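Asker: Fold the following.
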Amino acid sequence: MKCALWLPLFDCLADPRVVARLAAEAEEAGWDGLFVWDHLRWREPVTHVADPWITLAAVAAATELLRFGPMVSAITRRRPAKLARETASLDVLGGGRLVLGVGLGSDRFAGEFSRFGEECDDRVRGRVLDESLEVLRAAWSGEVVRFRGEHCTVDGVTFLPRPVQRPGVPVWAAGFPGNARPMRRAARLDGFFPVNLSSAGEFADAVGEVEALRADDGPFDHVCEVEPGADVAPFARAGATWALTAFDPEALSVDHVRGVLRDGPAVR
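Answerer: Below you'll find the predicted structure:
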C-alpha cells in the first residue's frame, strides 16, 4: 500500500509556494503522493482558498517522484475541453505523475454550486460527469475527437500533446458506498475512493462491491482515508492500495502538516 498526504488548500495552505515546499519535504521523507482538495469556497471560519491546478503545477515543479492530483474535483463545473488541456499539460510537467480524482461534489458544505449558479441536481451532474469523462478519455488518446452528448460537444478536434501516461491520466472516482451509480462509474475507471466510512470493515465491503462490478482485471486502486498516525494495516488487509492522511480543514497549521510528514508514511 502507498501513502499520501491529503491537504485542504485553505488559509495557511492557500499559498501554492507553501504547499510546494511541503510536497518537496514529503517526497524526501518517503511519502508516495500528495493530493489536494478542489473547492471554490468553504464554510466559516475558513476564509482563504487556493486554486488546486496552480498549486499542483507548483507541486509538480518542486518534486520528481510524488504522485499528485486533485482529490476530488467536481469536474461538472469545468469545461471538459479545458480540463483535457489542463490535465495533459500537468501530466507533462510532472513527467507522468498526475492522478485525477473526480466526483459529483456537494452544495451542502459551502453552497459551491448554488452561489455560482451551477447545477444542483445530482442526477443531472452525474450525466454531465459521465459525458465529461468520455471527452477526457477521447482527448487523451491523441486522436480526433468527435463527441456530441446531451451536455458536451467536441466537433473534430485533436488534443496534443497527450499526457505522458498511457492510455491517459488515471482517474479515481469518489462516492458513497452502496450508491449503485457512483460504484458502477468507479468500476469503469482506474480507482475508487469510498467516502464517509467508519471502519476498515466497511471499506472491505466497498472493495468487494466494486470488484464485483469490474469487467477486467487490469490495475485498479482502492483508496482509503485515515487520520494522522492511524494504523493503516486493517485497511491494507481490506484491499486498500492507497491511504490518504487527512487533515481537519478548520484546524490547519503548517507546523502540524510538517510534523506529520516528517514522521514519515505508515508503510515504507
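Asker: Read off the pLDDT value for the closest residue to R237 other than its chain neighbours.
Answerer: Sequence neighbours aside, A200 is the residue nearest to R237 in space, at 7.3 Å (criterion: C-beta to C-beta, 6 or more residues apart in numbering). Every C-beta, even on glycine, is put in place using the N, C-alpha and C of the backbone. Per-residue pLDDT puts A200 at 96.
Asker: Walking through the protein, point out its helices one by one.
Answerer: 16-28, 52-62, 80-93, 122-140, 180-187, 200-213, 233-237, 254-263 (DSSP state H).
Asker: Just put those helices in a markdown table and tack on mean neighbour count and distance to R148.
Answerer: Listed next are the helices of the chain as a markdown table, based on neighbours: other C-beta atoms under 10 Å; distance: least, C-beta to C-beta, whole Å:
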| stretch | mean neighbour count | distance to R148 |
| --- | --- | --- |
| helix 16-28 | 19 | 37 |
| helix 52-62 | 21 | 27 |
| helix 80-93 | 20 | 13 |
| helix 122-140 | 19 | 10 |
| helix 180-187 | 19 | 21 |
| helix 200-213 | 17 | 28 |
| helix 233-237 | 17 | 42 |
| helix 254-263 | 15 | 45 |
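Asker: Any chance of these in TSV with distance to P194 as columns?
Answerer: Listed next are these as TSV, based on distance: least, C-beta to C-beta, whole Å:
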stretch	distance to P194
helix 16-28	24
helix 52-62	21
helix 80-93	23
helix 122-140	17
helix 180-187	9
helix 200-213	4
helix 233-237	11
helix 254-263	23
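Asker: ranking those by mean pLDDT, which is last?
Answerer: Of all these, helix 180-187 has the smallest average pLDDT, which comes to a mean of 90.
Asker: ok, residues contacting that helix?
Answerer: Residues from elsewhere that reach helix 180-187 (C-beta atoms under 8 Å, 6 or more residues apart in numbering): 103-104, 126, 129-130, 133, 172-177, 192, 206, 209-210, 213-215.
Asker: now swap in stretch 251-268 and tell me
Answerer: 1-3, 5, 7-8, 10-13, 18, 22, 25-26, 29-32, 226, 228-232, 236, 243, 245, 247.
Asker: 6 Å instead?
Answerer: For stretch 251-268, the external contacting residues (C-beta atoms under 6 Å, 6 or more residues apart in numbering) are 1, 3, 11-12, 22, 25-26, 29-31, 228, 232.
Asker: In the residues you listed, find the pair that's most separated.
Answerer: Maximum pairwise distance among the contacts of stretch 251-268 (C-beta to C-beta): 30.2 Å, between M1 and D11.
Asker: Hmm, H222 is touching T241, no?
Answerer: Yes. In terms of C-beta atoms under 6 Å, H222 counts as a neighbour of T241; the distance is 5.4 Å.
Asker: Between the two, tell me which one has more neighbours.
Answerer: H222 (23 against 16; other C-beta atoms under 10 Å).
Asker: thinking again about what came up before, list buried residues within the contacts of stretch 251-268.
Answerer: Neighbour-count burial (16 or more other C-beta atoms under 10 Å) is assigned, among the contacts of stretch 251-268, to 1, 3, 11, 22, 25-26, 31, 228, 232.
Asker: for these, which one is nearest T76?
Answerer: Among these, D11 lies closest to T76 (C-beta to C-beta), at 26.2 Å.
Asker: any idea which residue of the protein is furthest from its center?
Answerer: Distance from the centre of the chain peaks at G156, with 28.7 Å (C-alpha atoms, centre = their mean).
Asker: Now do the same contact list for that one.
Answerer: With C-beta under 6 Å, 6+ apart, G156 has these contacts: 144, 146.
Asker: how close does it sit to R148?
Answerer: Distance, G156 to R148, using C-beta to C-beta, to the nearest Å: 11 Å.
Asker: cool, D121 as well?
Answerer: D121 is 22 Å from R148, by C-beta to C-beta.
Asker: Tabulate the CA atom coordinates of stretch 183-196 in PDB.
Answerer: Below are the C-alpha coordinates for stretch 183-196, written out as PDB (Å, rounded to 0.1, in the frame of the first residue of the first chain):
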ATOM      1  CA  MET A 183     -19.800   2.500  -7.800                       C
ATOM      2  CA  ARG A 184     -20.600   1.500 -11.400                       C
ATOM      3  CA  ARG A 185     -18.800   4.600 -12.600                       C
ATOM      4  CA  ALA A 186     -15.700   3.800 -10.500                       C
ATOM      5  CA  ALA A 187     -15.700   0.200 -11.800                       C
ATOM      6  CA  ARG A 188     -15.200   1.600 -15.300                       C
ATOM      7  CA  LEU A 189     -12.300   3.800 -14.300                       C
ATOM      8  CA  ASP A 190      -9.000   3.300 -12.500                       C
ATOM      9  CA  GLY A 191      -9.800   3.500  -8.900                       C
ATOM     10  CA  PHE A 192     -12.500   4.000  -6.200                       C
ATOM     11  CA  PHE A 193     -12.400   6.300  -3.100                       C
ATOM     12  CA  PRO A 194     -15.300   5.400  -0.900                       C
ATOM     13  CA  VAL A 195     -16.100   8.400   1.400                       C
ATOM     14  CA  ASN A 196     -17.600   8.700   4.900                       C
END
